[in-house]
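Novice: Here is my input; please provide its structure:
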Amino acid sequence: MQLAFVLYKYFPFGGLQRDFMRIALECQQRGHQIRVYTLIWEGDIPPGFEVLVAPIKAVFNHRRNEKLSAWMAADLEKRPVDRLIGFNKMPGLDVYYAADGCFEDKAQNLRGNLYRRWGRYRHFADYERAVFAPESGTQVLMISEVQQPLFVKHYATPAERFHLLPPGISHDRRAPDNAAEIRAAFRKEFDLGDDQLLVVQIGSGFKTKGVDRSLKALAALPAELRKRTRLMVIGQDDPKVFQLQSATLGLGDQVQFLKGRSDIPRFLLGADLLIHPAYNENTGTVLLEALVAGLPVLVSRVCGYAHYIEEADSGLVLDEPFEQAQLDAYLARMLEHPSARVDWSRNGLAFAATADLYSMPQHAADVILAQEAV
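Specialist: Next up is the predicted model:
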């Protein structure tokens, strides 16, 4: 079959983008042709992919999205496909990969009445309704159990259109046999002594991921422990605001901001703790990447995958509603007790050996290839 995928932006280090790539490659490996519509493409194009970057400019994001939809529809009219799979909400999709939470629920509960009068709200509300309304035929690939009741609440979406997927952690995130050697080389490269502790925070979108909370927790550590602890923040975002916060908190060179990169497994093996106090997170793939690498995790409960950390007993999950004092205390506790970190690491590796944390692309491809066109 000829399959078309659409997403607003592709870059190699985004969670949604990596999921798209793995699903598209799985479909290609099954013998199907891949076409991609997008506004921005950064990075290599896999052999055999036809990537179409829309020649569109607009001041506002929602106008840009509308122009992409119209441009794509015109091309599909000339060159039809068997399936259209979207990784952002928009009209006309056969299958939607639900990486984002329910927009309407946030608009009603987190925004005022004035916001719902703006064109931006109408655009995103209409595009979400096009996917989830009862009369839509779009099949929905769910990666979080938390969001489905919200979509049903606002749109009365029929249950049979939802398909809950297992996680899709890449096998290269699992701790290899030579994990100890990789860890030693990594810590030597970054000049980390045996008595020093490395905390990592990984993910694009520093504000949403709670980097401000992590910086406050680092600053609140007892003086001796704080002196031995470094924080590396890795992701595609502008760090200026957080660099200023770090300087204001007196953290100096204890905090380092790095752009998105392809060698994340080395950081997972070389660090002592992953911190992820996100404000909201539909899933949190990095939580499971840390788990399967044997890296203890400290995470906020709002993250869709936080329950795996509890089930595996591979770290600590913060209570909801979030309180900074609890994050401060938990971070100190996890860093002060190396034997507990050994236990959490061992538990994570044992869980990774038996739980299905890897087959999301295969399950997603099964649904995509089974659906009738809308």
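
Novice: what's next to stretch 187-205, contact-wise?
Specialist: By Cβ atoms under 8 Å, 6 or more residues apart in numbering, the surrounding residues in contact with stretch 187-205 are 13-15, 186, 209, 211, 214, 218, 225, 228-237, 260, 264, 267-268, 270-276, 278, 286, 289, 295, 331, 335. Backbone N, C-alpha and C define where each C-beta goes, glycine included.

Novice: Which of those fall within helices?
Specialist: Members of these lying in helices (criterion: DSSP state H): 15, 186, 211, 214, 218, 225, 264, 267-268, 270, 286, 289, 331, 335.

Novice: how about those in JSON lines, adding pLDDT and distance to residue 361?
Specialist: As requested, the ones in helices among the contacts of stretch 187-205 are arranged in JSON lines below (pLDDT from 0 to 100; distance: Cβ to Cβ, whole Å):
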{"residue": "15", "pLDDT": "86", "distance to residue 361": "14"}
{"residue": "186", "pLDDT": "98", "distance to residue 361": "28"}
{"residue": "211", "pLDDT": "98", "distance to residue 361": "29"}
{"residue": "214", "pLDDT": "98", "distance to residue 361": "30"}
{"residue": "218", "pLDDT": "98", "distance to residue 361": "36"}
{"residue": "225", "pLDDT": "98", "distance to residue 361": "41"}
{"residue": "264", "pLDDT": "94", "distance to residue 361": "18"}
{"residue": "267", "pLDDT": "97", "distance to residue 361": "23"}
{"residue": "268", "pLDDT": "97", "distance to residue 361": "20"}
{"residue": "270", "pLDDT": "98", "distance to residue 361": "27"}
{"residue": "286", "pLDDT": "95", "distance to residue 361": "17"}
{"residue": "289", "pLDDT": "96", "distance to residue 361": "15"}
{"residue": "331", "pLDDT": "98", "distance to residue 361": "34"}
{"residue": "335", "pLDDT": "98", "distance to residue 361": "35"}
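
Novice: Need the buried ones from these selected in ChimeraX.
Specialist: Here is the ChimeraX command that picks out the buried ones among these, judged by 16 or more other Cβ atoms under 10 Å:
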select :15,186,211,214,218,264,267,268,270,286,289,331,335
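
Novice: Put together TSV for the ones in helices among the contacts of stretch 187-205, with distance to residue 70 on each row.
Specialist: Formatted as TSV, the ones in helices among the contacts of stretch 187-205 follow (distance: Cβ to Cβ, whole Å):
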residue	distance to residue 70
15	28
186	48
211	37
214	41
218	47
225	56
264	37
267	42
268	42
270	47
286	35
289	37
331	48
335	53
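
Novice: Can you name the two of the ones in helices among the contacts of stretch 187-205 that sit furthest apart?
Specialist: Within the ones in helices among the contacts of stretch 187-205, 15 and 225 form the most distant pair, 31.0 Å apart (Cβ to Cβ).
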